[in-house]
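In: Dropping the sequence and predicted coords here.
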Amino acid sequence: MPPFKALARRHQVTPKTIRRVLDAADARNMPDQLDAPPTDTGERHRVPALGLDATLDLPGLLADHLRTAGDETVRQALASGQTIRRGHGYSVRITAPLALHRAALEQSAALANAGPTERKAHRVYAARVTAVQATRLHPS
């Protein structure tokens, strides 16, 4: 059994999460024997900053608005996002820096004063962005 499955069970996450974290830290390419020092002592090993990107689901109503009214970086993030069908609508799953999510939220602020479905979509996305910001400020 691969060690990441045991780690996943211990920390109650999916094995895919463990593999992604190990890949981000470039830890899956480490030698099997960690008792010996690494042979490339001149290379500095950098630890990636945790949590630079956030994966959030952008409601479809906001995505439709931002495809026409958003700036170029937001439109590129929408184009690279994954469309997820849910019930009658859809969401776009975007993995991007938190600053881009905040920019998308600000650019879709006009919908906060529109009809009830647009207000709800904006409120839901704002809650998601705020939740990620809170976990970044106060990690547990």
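Out: Sure thing, it's come through. Residues are numbered from 1 along each chain as shown.
In: now the longest helix seen in the chain: mean pLDDT?
Out: Ranked by number of residues, the top helix in the chain under DSSP state H is helix 116-137. Helix 116-137 shows a mean pLDDT of 88.
In: Would you mind extracting the C-alpha trace of it into CSV?
Out: C-alpha atoms of helix 116-137 as CSV (Å, rounded to 0.1, in the frame of the first residue of the first chain):
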residue,chain,number,x,y,z
PRO,A,116,-32.7,38.1,-6.1
THR,A,117,-30.9,35.3,-7.9
GLU,A,118,-28.0,37.5,-8.8
ARG,A,119,-27.8,38.8,-5.2
LYS,A,120,-27.7,35.3,-3.9
ALA,A,121,-25.0,34.3,-6.3
HIS,A,122,-22.9,37.3,-5.3
ARG,A,123,-23.5,36.6,-1.6
VAL,A,124,-22.6,32.9,-1.9
TYR,A,125,-19.3,33.7,-3.7
ALA,A,126,-18.5,36.5,-1.2
ALA,A,127,-19.0,34.0,1.6
ARG,A,128,-16.6,31.5,0.0
VAL,A,129,-13.9,34.2,-0.6
THR,A,130,-14.3,35.4,3.0
ALA,A,131,-14.1,31.9,4.4
VAL,A,132,-10.8,31.3,2.6
GLN,A,133,-9.5,34.7,3.8
ALA,A,134,-10.4,33.8,7.3
THR,A,135,-8.6,30.5,7.2
ARG,A,136,-5.5,32.1,5.7
LEU,A,137,-5.4,34.7,8.5
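In: For that helix, which helices and strands make contact with it?
Out: For helix 116-137, the packing partners by 3 or more C-beta pairs under 8 Å, 6 or more residues apart in numbering; DSSP states H and E come out as strand 53-59, helix 60-69, helix 98-107. Using the backbone N, CA and C atoms, a C-beta is placed for each residue, glycine as well.
In: could you list every residue that touches the residue nearest to Ala104 when sequence neighbours are not counted?
Out: Among residues not flanking Ala104 along the chain, Val74 sits closest, at 5.0 Å (C-beta to C-beta, 6 or more residues apart in numbering). Taking C-beta atoms under 8 Å, 6 or more residues apart in numbering, we find Val74 in contact with 66, 100, 103-104, 107.
In: of the residues you listed, closest to Val129?
Out: Ala104 (8.5 Å; C-beta to C-beta).
In: Alright, that wraps it up for me.
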